[in-house]
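[1] coordinates for the following, if possible.
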Amino acid sequence: MDLHFGDSKPTDDERAAVDALLGPPESSWEGADRSDADLRWARGGREARDRRDLLLPGLHAINDRVGWISEGALDYLCRRLTVPPAEAYGVATFYAMFSVTPRPATVLHVCTDLACQAAGAAELCAGIEARGPAVHIERSPCLGLCERAPAALAVKAGDPVRTAVSAPATVETAVLAATAPDSAPEEPPAVLAVPQAGSDDLILLRRVGVVDPSSLDDYRAHGGYTALRRAFELGPAGVIREVTDSGLVGRGGAAFPTGRKWQATASQPDHPHYVVCNADESEPGTFKDRVLMEGDPYALIESMTIAAYATGAHQGYLYLRGEYPRALHRLEHAIAQARARGLLGDDILGQGYAFDIEIRRGAGAYICGEETALFNSIEGYRGEPRSKPPFPVEKGLFGKPTVENNVETLVNVLPILTMGAPAYAAIGTAASTGPKLFCVSGSVARPGIYELPFGATLGELLELAGVREGLRAVLLGGAAGGFVRPDERDIPLTFEGTREAGTTLGSGVVMAFDDTVALPRLLLRIAEFFRDESCGQCVPCRVGTVRQEEALHRIVERTGAAAADDIALLREVGRAMRDASICGLGQTAWNAVESAIDRLGAYE
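    Predicted coordinates for the structure are as follows:
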């Protein structure tokens, strides 16, 4: 893009998209017609700068209405928010779902990540492209539809924007979704991703497929808001004590004790405090949070309210993947209903406690799953991780104490309060308490979300999912995780058990691959993923992910001493990334490749 901001003018559609979000401009300094008063003074600059956090929603508004972000549109948004155009351009180009060059109004995002690649994504793309230029394809990282691979998401810009999901996709269904999204078949209900649906043993998934996700009354009839009432009885300190005694740790992969995080935030004298729900699950193979949000959205709202009450927060932000249109609609409806019924707002349940939730959409950036990168994204900056300390419990979102948890972690709070901490802690093992959700996909007969108590073995989970003959490898933890051999099925699915086995549980991804899947191609896709998703802020990750991909390309064509040299180089680069990268992306980018070489003999 040739940057000549100020020369290009926004179209009527682009201006309308921004004004619908920000309201009409009040002076010529913001883009309105010039008045005599505007020649004497400029007003509203401070207020506009305080709205910097609306930059990402503004970019979404333009992209949704037109399909791409032009110079004129970006310039107008910058005027409205007094954001330097160069900074806004840096933000707009950071996200995969935005385009700053012209493209058709309809884009078909076809997932080419691990599960979809194994299910024929390359052939799907080739078949669609053979139909001619009628459909604009963009190859996409994981769309969070791994249980229905291969997957495609069609987005048609307009007012309103239209979306259609095709999964499992064929050439015909994907083309239909792109050319006539309103006529595409309705996406199947979330419960189809839960093979155990209806089981009496379920705790976290017990309402999925049982309650109407749009009905607040149905949710309350099945135990909804019992936990929040219990929280008000216990008081903030009592809630934190229950969560601490339960042994709950974060379910996103870091496994940090949730009670300690809440206590640290609650004790900070600086105010306001914030609650942030990280619903930007972008790890290839992960889709558990999507199923919870689509199938039981009120549970997440209730959980966030409890977290806010315990930590003294009155404002919450739900940062949601841009690739989850149905979850967005379900949550928007649920928040509106909760607000209308006094379950969000100024006086929740008549207790005099105020709390509300705002949804912020991501736009395709894996790195924004890292908590400080997520804060930067909400604040209107590039989603680059911050150095720690200070930690988010001291200086998080907008520089204030912030508690950040993912969806699965938060919804675990409900059974903790309804059954009590001792009963919850009795589930699982002493070090890994409670139930855990596992995302199973790949070479299995029944892919989906499985809920098991911590301590179940990998073999038990694979047996439930119906693993196919010829199992070649199992990837635990997604692209940032590690491979294990088919004969290692006795690994206990706990944080401590996987550590002892030299691997990781991560967010709960379990991807099975049989001998029809080319392992070197799979490793190359993992390397491509990390190269694409590196934010580029630190040298070890920015350079290391490129060198890793280059070496894997060469190894495919080499044998003997030449391949051994590249493997040695991979180890050196991997160690540098692990030791010196700022955040978890670079620190884990070598994990899967290393495990495939050492445990599976991938290049022997």
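[2] CA only for contacts and neighbour counts going forward, please
    OK.
[3] can you pull the contacts of the nearest residue to T498 once chain neighbours are set aside?
    Excluding the flanking residues, the one nearest T498 by C-alpha to C-alpha, 6 or more residues apart in numbering is T504, at 5.1 Å. Going by C-alpha atoms under 8 Å, 6 or more residues apart in numbering, T504 touches 476-477, 481-482, 495, 498.
[4] quick check: the farthest pair among those?
    G482 and F495 (13.5 Å; C-alpha to C-alpha).
[5] more neighbours: the two, which one.
    G482 (24 against 20; other C-alpha atoms under 10 Å).
[6] can I get the CA coordinates of stretch 204-216 in PDB?
    Only the C-alpha atoms of stretch 204-216 are listed here, as PDB (Å, rounded to 0.1, in the frame of the first residue of the first chain):
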ATOM      1  CA  LEU A 204     -18.900 -29.100  32.300                       C
ATOM      2  CA  LEU A 205     -20.800 -30.400  29.300                       C
ATOM      3  CA  ARG A 206     -24.000 -31.500  31.000                       C
ATOM      4  CA  ARG A 207     -26.200 -28.700  29.600                       C
ATOM      5  CA  VAL A 208     -24.800 -28.900  26.000                       C
ATOM      6  CA  GLY A 209     -27.600 -30.300  23.900                       C
ATOM      7  CA  VAL A 210     -30.000 -30.300  26.900                       C
ATOM      8  CA  VAL A 211     -30.800 -26.600  27.200                       C
ATOM      9  CA  ASP A 212     -31.800 -24.200  24.500                       C
ATOM     10  CA  PRO A 213     -28.700 -22.000  24.200                       C
ATOM     11  CA  SER A 214     -30.900 -18.900  23.400                       C
ATOM     12  CA  SER A 215     -33.100 -19.300  26.500                       C
ATOM     13  CA  LEU A 216     -32.200 -17.800  29.800                       C
END
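[7] who are the packing partners of the host helix or strand of A336?
    Using DSSP states H and E, A336 falls within helix 325-340. Other helices and strands packing on helix 325-340, by 3 or more C-alpha pairs under 8 Å, 6 or more residues apart in numbering; DSSP states H and E, are helix 216-221, helix 288-295, helix 297-311, strand 356-361.
[8] residues contacting that helix, please?
    Residues from elsewhere that reach helix 325-340 (C-alpha under 8 Å, 6+ apart): 163, 213-214, 216, 290, 293-294, 297-298, 301, 320, 344-345, 356-357, 359.
[9] show me where the stretch 451-600 of the chain has its helices.
    Using DSSP state H, counting those that start in this stretch, the helices found in the stretch 451-600 of the chain span residues 458-465, 495-500, 519-533, 539-557, 560-580, 584-588, 591-600.
[10] can you list these in a markdown table and add distance to R80?
    Converted to a markdown table, those look like this (distance: least, C-alpha to C-alpha, whole Å):
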| stretch | distance to R80 |
| --- | --- |
| helix 458-465 | 52 |
| helix 495-500 | 48 |
| helix 519-533 | 30 |
| helix 539-557 | 33 |
| helix 560-580 | 40 |
| helix 584-588 | 34 |
| helix 591-600 | 44 |
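[11] one step back: which one of the helices and strands packed on helix 325-340 lies nearest to L114?
    Judged by C-alpha to C-alpha, the one of the helices and strands packed on helix 325-340 that comes nearest to L114 is helix 288-295, at 16.5 Å.
[12] and the angle from that closest one to helix 325-340?
    Put simply, helix 288-295 runs at 50 degrees to helix 325-340, going by axes from the mean of the first three to the mean of the last three C-alpha atoms, to 10 degrees.
[13] what mean pLDDT does helix 288-295 have?
    In this model, helix 288-295 carries a mean pLDDT of 98.
[14] could I get it in PDB with only the CA atoms?
    Extracted in PDB, the C-alpha atoms of helix 288-295 (Å, rounded to 0.1, in the frame of the first residue of the first chain):
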ATOM      1  CA  LYS A 288     -13.600 -27.000  23.300                       C
ATOM      2  CA  ASP A 289     -14.300 -23.300  24.100                       C
ATOM      3  CA  ARG A 290     -16.300 -22.900  20.900                       C
ATOM      4  CA  VAL A 291     -18.600 -25.800  21.900                       C
ATOM      5  CA  LEU A 292     -19.100 -24.400  25.300                       C
ATOM      6  CA  MET A 293     -19.900 -20.900  24.000                       C
ATOM      7  CA  GLU A 294     -22.300 -22.200  21.300                       C
ATOM      8  CA  GLY A 295     -24.000 -24.800  23.500                       C
END
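[15] which strands and helices sit next to that helix?
    Applying 3+ C-alpha pairs under 8 Å, 6+ apart, we find helix 288-295 packed against helix 325-340, helix 407-411, strand 435-442.
[16] would you list the ones you listed in CSV and tack on mean neighbour count?
    What follows is the helices and strands packed on helix 288-295, written out as CSV (neighbours: other C-alpha atoms under 10 Å):
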stretch, mean neighbour count
helix 325-340, 18
helix 407-411, 24
strand 435-442, 26
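[17] among the ones you listed, which comes closest to D19?
    Taking those one by one with C-alpha to C-alpha, helix 325-340 is closest: 20.6 Å.
[18] possible to save the helices and strands packed on helix 288-295 as TSV with distance to L523 and mean pLDDT?
    Converted to TSV, the helices and strands packed on helix 288-295 look like this (distance: least, C-alpha to C-alpha, whole Å; pLDDT from 0 to 100):
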stretch	distance to L523	mean pLDDT
helix 325-340	30	98
helix 407-411	28	98
strand 435-442	15	97
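[19] distance to A254 for these - can I get that in JSON lines?
    As requested, the helices and strands packed on helix 288-295 are exported to JSON lines (distance: least, C-alpha to C-alpha, whole Å):
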{"stretch": "helix 325-340", "distance to A254": "25"}
{"stretch": "helix 407-411", "distance to A254": "11"}
{"stretch": "strand 435-442", "distance to A254": "14"}
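[20] tell me which of the ones you listed lies nearest to L248.
    Of all the helices and strands packed on helix 288-295, it is helix 407-411 that lies closest to L248, at 7.8 Å by C-alpha to C-alpha.
[21] so what touches that closest one?
    By C-alpha under 8 Å, 6+ apart, the surrounding residues in contact with helix 407-411 are 204, 248-252, 277-279, 288-289, 292, 299-300, 303-304, 307, 437.
[22] dump that helix to PDB, restricted to CA.
    Coordinates of each C-alpha in helix 407-411 appear next as PDB, following Å, rounded to 0.1, in the frame of the first residue of the first chain:
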ATOM      1  CA  VAL A 407     -13.500 -20.300  28.800                       C
ATOM      2  CA  GLU A 408     -12.900 -23.800  30.200                       C
ATOM      3  CA  THR A 409     -11.200 -22.400  33.300                       C
ATOM      4  CA  LEU A 410     -14.100 -20.100  34.100                       C
ATOM      5  CA  VAL A 411     -16.900 -22.600  33.600                       C
END
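[23] average pLDDT across the helix or strand just after that helix?
    On the C-terminal side of helix 407-411, the nearest following helix or strand under DSSP H and E is helix 413-419. Taken as a whole, helix 413-419 carries a mean pLDDT of 98.
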